[in-house]
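Asks: Build me a structure from this.
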Amino acid sequence: MQREPQAFDRVLSSMCTTPHPVAREAAERFLATNPGDPGTYPTISALEDEAIELLGEVAGLDDPAGYVASGGTEANIQAVRIARERARTTATGGEMSGTPETPETPTVVMPESGHFSFQKAANVLGVDLELVPTDDDHRVDLEAVRACVDETTAMVVGVAGTTEYGRVDPIPELGEIAQSVDALLHVDAAWGGFVLPFTDHAWQFDHAPVDTMAIDPHKMGQAAVPAGGLLVRDETLLDELAVDTPYLESTSQATLTGTRSGAGVASAVAAMTELWPDGYREQYERSQANAEWLAAELAALGYDVVDPELPLVAADLPQATFEALREAGWRISSTGSGELRVVCMPHVTRAQLESFVAEIDALESESETPAATT
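Replies: Predicted coordinates for the structure are as follows:
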């Protein structure tokens, strides 16, 4: 039986969105190409170079290097892998505590607001993950980071657009801490990277000594899934990932996956060419206005709401109301603390949010109605 994909008319929790029409068309044209084999598919290989150049413009990096990954998870895992390999090289040279034969396990220090992909990275790569608390505004506690780093620290992670509250960590200060122990600084801007250029936040390569970054065109960038991005400040960092590829025309490969569909690469280039910068600015302004409108409406209904720093709203709805909304077909999610979480992606309209708020109001009115007596 022919099945149709789910409509986006009630999707309020996803960090992916409907692709821009030019991104959809490009993805279909390059679906069967493989940027993992640039000798055979030189056109898509050249497009990947263009994608990295465009991502560098978005992220404030003049001479970018990297590749189009499957998403933020792969980019984060690869960044941790770079840090681990760099730490191992340092240990072998005797610059790290312990002996070359038994170097200490590298550690990655990140806020508890960091994405769960870093848990995967730690498990797969055999590194220690040190979680530090966030402050009352859901940003990383800098003093906790300073107390945690030491000579085993291979990487410090900052988040530029957290998945639960849309917060931006103090990236320049994290960079100073990372440099103090000769660690790399990785910024996870997978979701926030395409809205932050239009804010006053300091988050990118121009603002701080960022070494690696995850930034996903298939989120706020409106590219087709999968189209993530891994950027590195210094191309030599990719050498930590390189493996020989004897049967291909290229001599080595730094990506995690081998065969990759060119659809993500082509759609990322198409979307960024079409929308950067003015289209993304207009999109951010619409999404941010929607988030602020929703936050104000929920606050007016009496709920505690986290101020939407980026286009993401968290509010403390009763569990019964949350479940009723899910049963009514709204695709919503909750934070780790149980608040309602709504992401104002490009497909989310004011009309959708008005309908959503009206349904919340009706549900609350029903719950307050006294039971009928006989």
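
Asks: So what's the residue count around residue 89?
Replies: 12 (other Cβ atoms under 10 Å). Using the backbone N, CA and C atoms, a C-beta is placed for each residue, glycine as well.

Asks: That one is in what secondary structure piece?
Replies: Element membership for residue 89, per DSSP states H and E: helix 72-92.

Asks: those helices in the stretch 101-250 of the chain, which residues are they?
Replies: Secondary structure of the stretch 101-250 of the chain (DSSP state H, counting those that start in this stretch): helices located at 117-125, 142-148, 171-180.

Asks: Please produce JSON lines containing those, extended by distance to residue 256.
Replies: Shown next, in JSON lines, are those (distance: least, Cβ to Cβ, whole Å):
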{"stretch": "helix 117-125", "distance to residue 256": "10"}
{"stretch": "helix 142-148", "distance to residue 256": "27"}
{"stretch": "helix 171-180", "distance to residue 256": "23"}
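
Asks: now the ones you listed as TSV including mean neighbour count and mean pLDDT?
Replies: TSV is the format used below for these (neighbours: other Cβ atoms under 10 Å; pLDDT from 0 to 100):
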stretch	mean neighbour count	mean pLDDT
helix 117-125	17	95
helix 142-148	16	98
helix 171-180	19	98
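
Asks: Does residue 46 belong to a helix, a strand or coil?
Replies: Here residue 46 is helix, with the state taken from DSSP: H, G, I helix; E, B strand; the rest coil.

Asks: Tell me the predicted confidence for it.
Replies: Residue 46 is assigned 95 on the pLDDT scale.

Asks: Count residues in the vicinity of it, would you?
Replies: Other residues close to residue 46 by other Cβ under 10 Å number 14.

Asks: That one: what's it in contact with?
Replies: Under the criterion of Cβ atoms under 8 Å, 6 or more residues apart in numbering, residue 46 has no neighbours.

Asks: got the CA positions of the biggest strand by length in the chain in PDB?
Replies: Across the chain, the longest stretch assigned as strand under DSSP state E is strand 153-159. The C-alpha coordinates for strand 153-159 follow below in PDB (Å, rounded to 0.1, in the frame of the first residue of the first chain):
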ATOM      1  CA  THR A 153      41.200  17.300  28.800                       C
ATOM      2  CA  ALA A 154      41.200  16.800  25.000                       C
ATOM      3  CA  MET A 155      38.200  18.900  24.200                       C
ATOM      4  CA  VAL A 156      35.900  21.500  25.700                       C
ATOM      5  CA  VAL A 157      32.400  21.700  24.300                       C
ATOM      6  CA  GLY A 158      30.200  24.800  24.000                       C
ATOM      7  CA  VAL A 159      26.600  24.700  22.700                       C
END
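
Asks: Just checking: what are the partner strands of it?
Replies: Within its sheet, strand 153-159 is paired with strand 107-111 (parallel), strand 184-188 (parallel), according to DSSP bridges.

Asks: Please report how far the most centrally placed residue in the chain lies from residue 218.
Replies: Nearest residue to the geometric centre of the chain (Cα atoms, centre = their mean): residue 190, 2.1 Å. Separation of residue 190 from residue 218 (Cβ to Cβ, to the nearest Å): 9 Å.

Asks: what sits in contact with each of the two?
Replies: By Cβ under 8 Å, 6+ apart, the residues touching both residue 190 and residue 218 are 71, 228.

Asks: isn't residue 167 right up against residue 158?
Replies: No. Counting by Cβ atoms under 8 Å, residue 167 stays clear of residue 158, with 10.6 Å between them.

Asks: Between those two, point out the one with more neighbours.
Replies: residue 158 (29 against 25).

Asks: Is the more buried one bridged to anything, and to what?
Replies: With DSSP bridges as the rule, residue 158 is bridged to residue 187.

Asks: Was I right to think it contacts residue 185?
Replies: Yes. Using Cβ under 8 Å, residue 158 is in contact with residue 185, at 6.8 Å.

Asks: any shared contact partners between the two?
Replies: 171, 174.

Asks: check contacts around the closest residue to residue 335 other than its chain neighbours.
Replies: Nearest non-adjacent residue to residue 335, counting by Cβ to Cβ, 6 or more residues apart in numbering: residue 164, 4.3 Å away. For residue 164, the contact set (Cβ under 8 Å, 6+ apart) comprises 113, 138, 314, 335-336, 341.

Asks: so where do the helices sit in the stretch 251-374 of the chain?
Replies: 262-275, 278-300, 319-327, 350-368.

Asks: Buried residues of the last one, list them for me.
Replies: Along helix 350-368, the positions that meet the burial threshold by neighbour count (16 or more other Cβ atoms under 10 Å) are 352-353, 356-357, 359-360, 363-364.

Asks: so where is the stretch 101-250 of the chain shaky, pLDDT-wise?
Replies: The model of the stretch 101-250 of the chain has pLDDT under 70 over residues 101-103, 243-250.

Asks: If we use 90, what do you get?
Replies: By pLDDT under 90, the weakly predicted segments of the stretch 101-250 of the chain are 101-104, 239-250.

Asks: quick one, the longest strand of the chain and helix 72-92 angle?
Replies: In terms of direction (axes from the mean of the first three to the mean of the last three Cα atoms, to 10 degrees), strand 153-159 departs from helix 72-92 by 160 degrees.
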